[in-house]
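J.: sequence below, structure please.
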Amino acid sequence: MRKIVVSLAERRLYLFENGRIIRSYPVAIGKPSTPTPTGEYSIRHKLKNPGGPFGTRWMSFKSHYGIHGTNSPGLIGQAVSHGCIRMLNKDIEELYDLVQVGTPVKIIAGSL
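T.: So this is what the prediction gives:
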């Protein structure tokens, strides 16, 4: 079984399979005024090529929040979003193909 874990402190997204990390990606997170919500969620729906600031892929995990690509790759690693998890387009495209709707998503404030 696969599971996504996002460490806000590390600004990294980890993909686990059967308890082992199989992928790790740098991400941008919410800025202080619009923080990324912590907690346990799941992928609700997936969309290819949403465009604009969402880059080449969108996967929602909570109403108005998602894991998506970017049209500003230089901002990856920073706290700049409106609460979403931003990834490089090449990374979100890989992750998109590795997870299904229903995949658990856990967002933690601290380190892994």
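
J.: run a quick neighbour tally on the nearest residue to Cys84 once chain neighbours are set aside.
T.: The spatially closest residue to Cys84, leaving aside those adjacent along the chain, is Gly66, at 5.3 Å (CB to CB, 6 or more residues apart in numbering). C-betas here are computed from N, CA, C, even on glycine. Using other CB atoms under 10 Å, Gly66 has 24 other residues around it.

J.: doesn't Ile4 make contact with Leu13?
T.: Yes - contact status for Leu13 versus Ile4: in contact at 6.3 Å, counting by CB atoms under 8 Å.

J.: quick one: common contacting residues for the two?
T.: The contact sets of Leu13 and Ile4 overlap at 67, 95 (CB atoms under 8 Å, 6 or more residues apart in numbering).

J.: re the thing from before, for the residue nearest to Cys84, helix, strand, or coil?
T.: Counting by DSSP: H, G, I helix; E, B strand; the rest coil, the backbone at Gly66 sits in strand.

J.: so what's it bridging to?
T.: Beta-bridge pairing for Gly66 (DSSP bridges): Ser60.

J.: and it, what does it touch?
T.: The contact partners of Gly66, by CB under 8 Å, 6+ apart, come to 54, 58-60, 84-85.

J.: a markdown table please, covering those and showing pLDDT.
T.: Output for the contacts of Gly66, formatted as a markdown table (pLDDT from 0 to 100):
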| residue | pLDDT |
| --- | --- |
| Phe54 | 96 |
| Trp58 | 98 |
| Met59 | 98 |
| Ser60 | 98 |
| Cys84 | 98 |
| Ile85 | 98 |
